[in-house]
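Asker: Build the 3D model from these lines:
(one chain, ligands or ions: 1)
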Amino acid sequence: MKFTVAIDGPAAAGKGTISRAVAARFGFAHLDTGALYRAVGVKAGGEGGDPVAAARGLTPADLAREDLRTLAAGQAASKVAVIPEVRQALLEFQREFARRDGGAVLDGRDIGTVICPEAEVKLFVTASAEVRAHRRWLEVGGDAAAVLAEVVARDARDMNRAEAPLKPAADAVVIDTSTMSIEAAVAAACDEIAKRMR
Ligand code: C5P
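Answerer: The predicted structure follows:
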């Protein structure tokens with residue numbers, strides 16, 4: 001069975017948590033596509049800075065690095081993510097993952113719009129910038145104002161880029177998690193998927 005769930009949205013909206021829960025519930029494979037861009041950003045940063053070469057030569061070891069969740073890696077990711085050749089280099093891998101047998105959940109920024117416009121389910125998970133920054137701060141710690149500034153700067157770059165900007169697909173279901181518990185957000189996502197599986 002091929003069944004793709006596309007989950008897009010801004011940084012720290014809850015996409016990762018929802019995607020992992022959905023994958024576990026329905027037995028789907030999960031791909032965190034942000035990790036691909038983070039790995040490219042970090043690798044290029046430490047390699048004389050050729051992001052296109054880094055994207056074309058990405059290895060499983062690059063994706064297993066422990067420093068991919070830092071604020072710096074997030075910023076580096078959103079800088080390399082504006083480069084069309086970087087996005088192109090990562091496209092086929094994501095499409096193949098999406099159509100694997102047994103079902104797949106992919107979370108990112110352009111899954112429902114560019115990578116899998118034919119996905120069976122498209123969700124756009126969002127929340128206010130303040131709520132998202134607070135969640136990211138709980139994860140990374142440090143100065144709360146700096147975390148908010150990082151989230152806002154990254155959203156602006158992701159939404160305003162020419163190539164595959166962050167926006168909901170026309171047929172995406174929007175889930176605003178600002179005032180929702182994790183359980184309620186996961187339940188809303190699972191309901192949408194269950195509806196389309198009938
Ligand atoms: O989701 P995450 O915060 O890990 O993504 C890091 C960055 O990678 C995003 O801010 C965005 O610039 C980029 N990205 C993207 N397209 C995706 C996933 C992530 O451009 N599908």
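Asker: Chain neighbours aside, what residue packs nearest to the residue nearest the centre of the chain?
Answerer: Among the residues of the chain, the one closest to the centroid is Gly108, at 2.2 Å (C-alpha atoms, centre = their mean). Closest residue in space to Gly108, ignoring its immediate chain neighbours: Thr33 at 3.6 Å, by C-beta to C-beta, 6 or more residues apart in numbering. The way it works is simple: take the backbone N, C-alpha and C, and place the C-beta from them, glycine included.
Asker: Up against the ligand, what does this protein have?
Answerer: Residues of the chain lying near the ligand by C-beta under 6 Å from any ligand atom: 11, 33-34, 37-38, 74, 77-78, 81, 108-111, 154, 158.
Asker: Sitting in helices, which of these do you find?
Answerer: Among these, the residues falling in helices (DSSP state H) are 33-34, 37-38, 74, 77-78, 154, 158.
Asker: For Asp158, give me its contacts.
Answerer: Contacts here follow C-beta atoms under 8 Å, 6 or more residues apart in numbering; on that basis Asp158 touches 10-11, 78, 81, 109, 165-166.
Asker: Now with 10 Å, please.
Answerer: Contact criterion C-beta atoms under 10 Å, 6 or more residues apart in numbering gives 10-11, 77-78, 81-82, 109-110, 164-167 as the residues in contact with Asp158.
Asker: From the residues you listed, which shows the smallest pLDDT?
Answerer: Ranked by pLDDT, the contacts of Asp158 bottom out at Ala11, which has 92.
Asker: wait, doesn't that residue sit right on Leu148?
Answerer: No. Contact status for Ala11 versus Leu148: not in contact, 11.0 Å apart, counting by C-beta atoms under 10 Å.
Asker: Residues that sit against both of these two, list them.
Answerer: Taking C-beta under 10 Å, 6+ apart as the contact rule, Ala11 and Leu148 both touch 129, 132-133, 136.
Asker: Tell me the one of the residues you listed nearest Glu192?
Answerer: Within those, proximity to Glu192 (C-beta to C-beta) peaks at Arg132, which comes in at 21.2 Å.
Asker: still on that earlier bit, more neighbours, Ala11 and Leu148?
Answerer: For Ala11 versus Leu148, the count of surrounding residues by other C-beta atoms under 10 Å is larger for Ala11: 23 against 17.
Asker: Next, find the distance separating Gly27 from the ligand.
Answerer: Summarising the geometry, the distance separating Gly27 from the ligand, computed by C-beta to the nearest ligand atom, to the nearest Å, is 23 Å.
Asker: From Ser19, how far off is the residue nearest to Gly108?
Answerer: When C-beta to C-beta, to the nearest Å is applied, the distance between Thr33 and Ser19 equals 10 Å.
Asker: can you list residues touching both of the two?
Answerer: Between them, Thr33 and Ser19 share these contacting residues under C-beta under 10 Å, 6+ apart: 7, 106-108.
Asker: could you dump those to TSV with distance to Val86?
Answerer: Formatted as TSV, the entries for the shared contacts of Thr33 and Ser19 read as follows, by distance: C-beta to C-beta, whole Å:
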residue	distance to Val86
Ile7	21
Leu106	17
Asp107	18
Gly108	13
